[in-house]
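J.: below are the sequence and a predicted model; questions follow.
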Amino acid sequence: MARLFEGKKVGVVGLGVNNRRLAEFLSSQDVKFEVIENWKDANELVGRLDGFDLIFRTPGLPYLSVAIQQAKGCGAEISSQTKLFFELCKAKIIGVTGTKGKGTTSSLITKILEAGGYKVWLGGNIGRDPFEFLEQISPSDIVVLELSSFQLQDLAQSPHIAVVLAITPDHLNHHKDFEEYIRAKSQILAHQTNEDFAILHPDLPDWFKKLGKGKKIFFDSNQFADVPRKLLGLHNLQNIVAASEVAKLLNVNADIIRKTVAEFEALPHRLKVLKHINGITYVDDTFSTSIESTLAALDAIVGNLVLIVGGSDKGLDFTRLGEHIKNSKKIQGIVVIGDVTELIVKSLQGFNGRILTGAKNISEILAQAQNMSSSGDTILFSPATASFGIFKNEMDRGEQFVGFVNKL
């Protein structure tokens with residue numbers, strides 16, 4: 001392993017969650033490297049990456065940033081934790097991407113394949129860091145990876161089975177525009193051979209569908225419309241079908257697929273029913289960081305509801321969300337939070353329900369929502385944005401909400 005890096009000056013940019021495991025792995029293999037830390041944005045790295053032969057970028061550092069492209073122009077090879085894992089992994093990889101549903105689909109694929117007798121390793125945001133189990137993998141195993149646009153953008157190798165869910169505008173504070181975002185996602189199938197497979201959402205652009213040499217399978221959510229399930233919403237039905245197509249490719253029995261689907265419960269913070277208290281249902285969808293996922297959550301809820309929405313500004317246009325809310329007869333009130341409050345309130349002009357703002361903590365947020373709720377209603381926390389000031393991150397946002405509701 002160390003010989004692969006012999007004679008090269010290796011740099012690891014950042015020691016966040018992803019690169020920390022990578023650094024530990026490189027150290028265990030006696031690879032000498034330098035860690036580049038103490039930077040707040042990509043511009044601060046300009047000039048600091050000069051002189052390296054190989055650079056492992058953190059997913060949070062855009063591949064197209066000036067610093068990375070300047071280093072590449074000077075002859076540096078640009079890699080990442082994900083790229084190195086693909087190069088070293090002995091087993092076949094199933095990669096899952098899309099704007100939302102990656103975690104649910106990856107987890108369901110894992111559960112179905114395990115029920116079908118496979119040894120499966122789940123990696124990504126929803127699973128373990130892949131370098132935790134790299135050296136334990138056997139060639140007959142299956143690896144399921146949840147892959148973001150950040151990880152895919154400079155990938156030079158595609159998974160054996162690529163699963164692409166719906167792609168809608170997101171992370172526009174990281175990518176230049178939607179075109180760049182979707183092209184980053186496209187790397188998941190661009191390098192496939194004729195021995196590989198791509199399971200694709202039917203609404204992807206035509207140019208996207210033509211990439212790579214893998215066999216294309218377009219999933220149809222009507223296939224599982226009559227199957228008993230605990231997952232709410234049409235979007236989850238699409239996730240179920242995508243996972244089932246993977247299982248069929250790997251010859252898992254249809255009865256095993258259906259049984260696993262019927263028993264599979266919503267993951268934490270993903271449209272999960274928490275409690276019914278005094279006639280009010282509390283639903284946790286706090287991992288929603290896109291307009292599309294919140295729209296899907298709104299459609300999945302039956303009956304009247306109060307929506308908690310908002311967070312940090314990542315360049316999203318809330319017009320479509322506002323129109324959907326104004327045209328809905330079941331949304332009784334909105335609690336708007338975070339840096340995007342003004343933008344969301346503006347998109348809601350003409351809304352007939354109540355709008356409350358200004359909550360400074362989870363207690364005040366819930367109090368405002370409860371103030372607008374009555375027996376039979378649902379309080380849905382589906383932010384449609386990334387977390388902001390009062391929450392450390394999306395996980396903390398969800399944990400605060402769940403913790404408060406559990407104390408009611």
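T.: In hand now; what should we look at? Numbers count the residues shown, from 1 in each chain.

J.: the stretch 101-250 of the chain: strands as residue ranges?
T.: Taking DSSP state E, counting those that start in this stretch as the test, the strands found in the stretch 101-250 of the chain are 120-123, 142-146, 161-164, 197-200, 215-218.

J.: winner for burial among those?
T.: strand 161-164 (a mean of 28; mean count of other Cβ atoms under 10 Å). Every C-beta, even on glycine, is put in place using the N, C-alpha and C of the backbone.

J.: returning to that earlier point: between the strands of the stretch 101-250 of the chain, which one is closest to residue 245.
T.: With Cβ to Cβ as the criterion, residue 245 lies closest to strand 197-200 of those, at 4.7 Å.

J.: what's the closest one packed up against?
T.: Counting contacts by 3 or more Cβ pairs under 8 Å, 6 or more residues apart in numbering; DSSP states H and E, strand 197-200 packs against strand 161-164, strand 215-218, helix 234-249.

J.: can you lay out the ones you listed as TSV showing distance to residue 317 and mean pLDDT?
T.: Below are these laid out as TSV (distance: least, Cβ to Cβ, whole Å; pLDDT from 0 to 100):
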stretch	distance to residue 317	mean pLDDT
strand 161-164	23	99
strand 215-218	28	97
helix 234-249	20	95
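
J.: rebuild the ones you listed as a markdown table, extending it with distance to residue 76.
T.: Listed next are these as a markdown table, based on distance: least, Cβ to Cβ, whole Å:
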| stretch | distance to residue 76 |
| --- | --- |
| strand 161-164 | 28 |
| strand 215-218 | 35 |
| helix 234-249 | 36 |
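
J.: nearest to residue 118 among those would be which one?
T.: Evaluated over the helices and strands packed on strand 197-200, closeness to residue 118 peaks at helix 234-249, with 9.5 Å, by Cβ to Cβ.

J.: same for that closest one, what does it pack against?
T.: Partner elements for helix 234-249 (3+ Cβ pairs under 8 Å, 6+ apart): helix 102-115, strand 161-164, strand 197-200, helix 254-263, helix 291-300.

J.: which of those sits most buried?
T.: Greatest burial across those, using mean count of other Cβ under 10 Å, falls to strand 161-164, with a mean of 28.

J.: in its sheet, what does that strand sit against?
T.: strand 92-97 (parallel), strand 197-200 (parallel) (DSSP bridges).

J.: list of residues touching the last one?
T.: Counting contacts by Cβ atoms under 8 Å, 6 or more residues apart in numbering, the residues outside strand 197-200 that touch it are 160-164, 189, 192, 208-209, 212, 214-219, 242, 245-246, 249.

J.: same thing but at 10 Å, please
T.: With contact meaning Cβ atoms under 10 Å, 6 or more residues apart in numbering, strand 197-200 is reached by 94-96, 98, 105, 158-165, 188-189, 192, 204, 208-209, 211-219, 241-246, 248-250.

J.: just to revisit the earlier point, can you tell me which of the helices and strands packed on strand 197-200 is nearest to residue 66?
T.: Closest approach to residue 66 among those (Cβ to Cβ): strand 161-164, 29.4 Å.

J.: keeping just the C-alphas, turn that closest one into PDB.
T.: Provided in PDB are the C-alpha atoms of strand 161-164 (Å, rounded to 0.1, in the frame of the first residue of the first chain):
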ATOM      1  CA  ILE A 161     -25.100  -1.000  -9.600                       C
ATOM      2  CA  ALA A 162     -25.900   2.700  -9.700                       C
ATOM      3  CA  VAL A 163     -29.200   3.900  -8.200                       C
ATOM      4  CA  VAL A 164     -30.300   7.400  -9.100                       C
END
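
J.: shaky segments in the stretch 101-250 of the chain?
T.: 169-176, 223-225 (pLDDT under 70).

J.: can you pull out the helices in the stretch 51-200 of the chain?
T.: Taking DSSP state H, counting those that start in this stretch to define them, one finds helices in the stretch 51-200 of the chain at 66-73, 81-88, 102-115, 130-133, 149-152, 178-190.

J.: that older thread, could you dump the helices and strands packed on helix 234-249 to CSV with distance to residue 405?
T.: Conversion of these to CSV gives the following (distance: least, Cβ to Cβ, whole Å):
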stretch, distance to residue 405
helix 102-115, 21
strand 161-164, 32
strand 197-200, 36
helix 254-263, 24
helix 291-300, 16
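
J.: and of those, who's closest to residue 178?
T.: Distance to residue 178, taken as Cβ to Cβ, is lowest for helix 291-300 among these, at 12.1 Å.

J.: next, the angle from that closest one to helix 234-249.
T.: 100 degrees (axes from the mean of the first three to the mean of the last three Cα atoms, to 10 degrees).

J.: now do the domain split for this protein, please.
T.: As assigned by automatic domain parsing, the chain contains the domains 2-80, 89-263, 272-406.

J.: could you pull out the helices in the stretch 301-408 of the chain for me?
T.: Under DSSP H, counting those that start in this stretch, the stretch 301-408 of the chain gives helices at 319-327, 341-347, 362-371, 394-406.

J.: which of those sits closest to residue 23?
T.: Using Cβ to Cβ, those put helix 394-406 closest to residue 23, at 22.3 Å.

J.: quick one: contacts of the closest one?
T.: Residues from elsewhere that reach helix 394-406 (Cβ under 10 Å, 6+ apart): 125, 268-270, 272, 274-275, 277, 282-289, 308, 311, 337, 361-363, 365-366, 379, 381, 383, 385-388, 390-393.
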